[in-house]
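[1] below is the sequence, then the predicted model.
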Amino acid sequence: MKQGELGVHKLLDRIPVVCNGPPLWLAEYSNVRIVSGMSTLAREMDTPKPMDLTRIAVVEDSQQQFHRFPVISLVSPEDKEAFSIALFERYEQVESYAFSQVRIAEEILSDTVIDTIILMLVDGLSYDDCPKNPFIQPCLVNGPTITRVGFRNIVGRPPLAVRLYRAGFKRRRGFSYWDRKNELTNELFAGFDPASQVTRVVEFDQIYRELADETLHKTFVQIVTAGLDTVAHISRERPLVGALVRRILEEYVGGLQELLLEKGLSGIIYMVSDHGILWKDWPGQPCSLRLIPDAKATSHRYSVGTRIVPHTRRFTAYGQEFAVLPYPLVFRGLRRNEWGTHGGISYYESVVPFLKMEVL
Ligand SMILES: [Zn+2]
């Protein structure tokens, strides 16, 4: 049976379906139980006990598909507002099966038979603002969509640099747009020698110039670079999102790819961001932010602390308590020179691009 003849909702009501594509997109379907692999489902069906009444979606392990079940292709949501609300409501369930930031370190460590690994950490970039291309998959931000949480999720514990060292990547090289004295930078570059292995940069070109003169064999390169976070918070004019995204993907990632090719090295370039941005009154965005004033809230989209705050979902992350808002609520309005915000749960903030580009 082809997708579209019945529609995914009606198919799920009738029969287990096998899913192709990012499981994250299943968030918009209610009352769905996710089963990993056909063999798991087959085992369940062979066990003589009553089957439950939830709808069943089978993800992963596409080799063993039974031909008797329909296969659906999961694609990015058309109704981003509905997806945002569904993601907030079913957050824990979705986080349990979707590819998310805390799984990135594992993903990087699974492919180490190469010369160079480059991880580009971009400060503020939504999956929604990126062009769709085969190198980019959606990745869920775990918890509040803020810089200090998102980046920590990605680097992990023990830090990726330390884990890669054990996997043979004895050399490491770090670059940061931020001041090296920043506490978060110290944490993200834990394991790097701040004096000899981390360089503060102003222009991306500096990174190519420095790396061009260095041996990158069995080297882990980690770059923290500016994305759209800063321009979202303060900018006189509406930021040119398309041009900024092209610069990151074409100029920065493209430049790193060229560098590896020129040096004759095999490598993988990864790029991911800490969180996306919820823009205000963006063309195509179906409704504006809705104000629910709260003078005690610490930010537009979340509040730090143990206080009970209506409408929010609670998270604990890295020793702090957060009360986080769904789309499209904000505790206070955005200033004229603020174009976007983040911290809450929505398609725009919680789904970030994860790029993996192999250079062989
Ligand atoms: Zn950020």
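    Nice, I can see it.
[2] now the stretch 51-200 of the chain against the ion: closest residue?
    Among all residues of the stretch 51-200 of the chain, T147 sits closest to the ion, at 3.2 Å; criterion: CB to the ion. C-beta here means a position set from N, CA and C on the backbone, and glycine is covered the same way.
[3] can you report phi and psi for that residue?
    Torsion angles at T147 (phi, psi; degrees, to the nearest 10) stand at phi -50, psi -50.
[4] buried residues, the lowest-mean-pLDDT helix or strand in the chain. List them.
    Here the helix or strand of the chain ranked lowest by mean pLDDT, DSSP states H and E is helix 38-46, holding a mean of 83. Across helix 38-46, burial judged by 16 or more other CB atoms under 10 Å covers M38, L41.
[5] how far off centre is it?
    When distances are taken as CA atoms, centre = their mean, to the nearest Å, helix 38-46 is centred 31 Å away from the chain's centroid.
[6] need the nearest residue in space to K263, chain neighbours excluded.
    Nearest non-adjacent residue to K263, counting by CB to CB, 6 or more residues apart in numbering: L216, 6.3 Å away.
[7] distance check, that neighbour against L259.
    8 Å (CB to CB, to the nearest Å).
[8] cool, and S299?
    On the measure of CB to CB, S299 and L259 end up 38 Å apart.
[9] re earlier: state the phi and psi torsions of the residue nearest to K263.
    phi -110, psi 20.
[10] do R148 as well
    phi -70, psi -20.
[11] which bits of the stretch 51-200 of the chain sit near the ion?
    Contact residues (CB under 5 Å from the ion) of the stretch 51-200 of the chain with the ion: D123, G124, T147.
[12] ok, so of these, who is nearest I308?
    Within these, distances to I308 taken as CB to CB reach their minimum at T147, with 25.5 Å.
[13] what sits against the closest one?
    D123, G124, L184, D229, D274, H275 (CB atoms under 8 Å, 6 or more residues apart in numbering).
[14] can I get the least confident helix or strand of the chain in PDB? Just the C-alpha atoms.
    Output of helix 38-46 as PDB, limited to C-alpha atoms (Å, rounded to 0.1, in the frame of the first residue of the first chain):
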ATOM      1  CA  MET A  38      10.600  -5.800  13.000                       C
ATOM      2  CA  SER A  39      12.000  -8.700  14.900                       C
ATOM      3  CA  THR A  40      10.800  -7.000  18.200                       C
ATOM      4  CA  LEU A  41       7.300  -6.700  16.800                       C
ATOM      5  CA  ALA A  42       7.300 -10.200  15.500                       C
ATOM      6  CA  ARG A  43       8.300 -11.500  18.900                       C
ATOM      7  CA  GLU A  44       5.500  -9.500  20.500                       C
ATOM      8  CA  MET A  45       3.000 -10.900  18.000                       C
ATOM      9  CA  ASP A  46       4.100 -14.400  18.600                       C
END
